[in-house]
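Chemist: just to be clear, the model below is a prediction. Sequence and coordinates:
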Amino acid sequence: MAGKLTVHALDTARGTGAAGLRLTLRKLAPEATKPDDFTLDESGRATLLESTALTSGTYEIVFHAAEYQRANGLELPEPPFLDNIPIHFGVADATSHYHVPLILSPYGYSTYRGG
């Protein structure tokens, strides 16, 4: 079975998927990779890695939250309380599906391993 890494971001201030939210993915260990940029689709979802592109190790996803919120008309203080949200996580079994949801508001967020 081929593994997969997906994300889904929900914007609780607007009550929708975070369409257009930019994020950066990079592998940190055992060998670091250059970061790749992604933009979430109209439902706030994206597939980041599939099949043999997903390997075991430690990864980082950075959600560019303030950039997204400002682009959607939200007035934020300078500096914003949450600018970029880094999430570090481990992939132990590269044949599994790893899903990283983000529930986002201007002053808080939550994440977990989804399915």
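Modeler: Cool, the structure landed.

Chemist: in this protein, which spans are strands?
Modeler: Ranges of strands within the chain are 4-11, 16-17, 22-29, 36-39, 45-50, 57-64, 84-91, 97-105, 108-111, based on DSSP state E.

Chemist: mean neighbour count and mean pLDDT added to these, as JSON lines?
Modeler: Every C-beta, even on glycine, is put in place using the N, C-alpha and C of the backbone. Formatted as JSON lines, those follow (neighbours: other Cβ atoms under 10 Å; pLDDT from 0 to 100):
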{"stretch": "strand 4-11", "mean neighbour count": "21", "mean pLDDT": "98"}
{"stretch": "strand 16-17", "mean neighbour count": "15", "mean pLDDT": "98"}
{"stretch": "strand 22-29", "mean neighbour count": "17", "mean pLDDT": "98"}
{"stretch": "strand 36-39", "mean neighbour count": "12", "mean pLDDT": "98"}
{"stretch": "strand 45-50", "mean neighbour count": "16", "mean pLDDT": "97"}
{"stretch": "strand 57-64", "mean neighbour count": "19", "mean pLDDT": "98"}
{"stretch": "strand 84-91", "mean neighbour count": "14", "mean pLDDT": "98"}
{"stretch": "strand 97-105", "mean neighbour count": "19", "mean pLDDT": "97"}
{"stretch": "strand 108-111", "mean neighbour count": "14", "mean pLDDT": "98"}
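
Chemist: got a markdown table for these, with distance to E78 too?
Modeler: Below are those laid out as a markdown table (distance: least, Cβ to Cβ, whole Å):
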| stretch | distance to E78 |
| --- | --- |
| strand 4-11 | 21 |
| strand 16-17 | 25 |
| strand 22-29 | 19 |
| strand 36-39 | 24 |
| strand 45-50 | 28 |
| strand 57-64 | 16 |
| strand 84-91 | 15 |
| strand 97-105 | 18 |
| strand 108-111 | 19 |
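
Chemist: those strands: which one's closest to R70?
Modeler: Evaluated over the strands of the chain, closeness to R70 peaks at strand 57-64, with 10.2 Å, by Cβ to Cβ.

Chemist: ok, residues contacting that closest one?
Modeler: The contact list for strand 57-64 (Cβ atoms under 8 Å, 6 or more residues apart in numbering) reads 5, 7, 9, 21-31, 35, 48, 83-91, 100, 102, 104, 109.
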